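Undergrad: Sequence plus predicted model, see below.
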Amino acid sequence: MARYRWSGCRYLFVHDVQDALDLMASISYNNNGCYKILINKSNITEDFFELKTGLAGDVLQKYANYKVKLAIVGDFDKYNSKSLKDFIYECNNGKQVFFLKDKQEALHALHSNN
């Protein structure tokens, strides 16, 4: 069975690309090479969801380069940006990054898209 790490802490810990890389490295190191991460949307800075900042693209490119799958769990309906909605749609139709409403959906996506 593939392993994943649920990062459901109550505090914000992804402010920038380096934080995202540190999270990935820490989880991988402390969990014997874990390559699937499930994180709560509330643990990511809102700048991530403003595509014009470039943060989402930079973070997701790094995760793709290291072949780490990422599922972000939360309510994304509050965002009105067509660009973000399209971005989420495209990610959810891929095999690397998922934006989903609940943990069970995210686990299914992480484990069914090898």
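TA: Looks like it came in fine. Small disclaimer: the values here were computed from a predicted structure and weren't measured.
Undergrad: Test my guess that Ser81 contacts Ala56.
TA: No. The criterion here is CB atoms under 8 Å, and Ser81 misses it with Ala56 at 11.3 Å. C-beta coordinates here come from the backbone N, C-alpha and C atoms, glycine included.
Undergrad: residues in contact with Glu50?
TA: By CB atoms under 8 Å, 6 or more residues apart in numbering, the residues touching Glu50 are Ser81.
Undergrad: Show me which of Ser81 and Ala56 is the more surrounded one.
TA: Counted by other CB atoms under 10 Å, Ser81 and Ala56 do not tie: Ala56 has more neighbours, with 22 against 13.
Undergrad: Where does that one fall, secondary structure wise?
TA: Using DSSP states H and E, Ala56 maps to helix 55-65.
Undergrad: Flag every buried residue along that helix.
TA: Leu55, Ala56, Val59, Leu60, Tyr63 (16 or more other CB atoms under 10 Å).
Undergrad: how about the helices in this structure?
TA: 17-30, 55-65, 82-92, 103-112 (DSSP state H).
Undergrad: Please consider this matter closed, and thank you.
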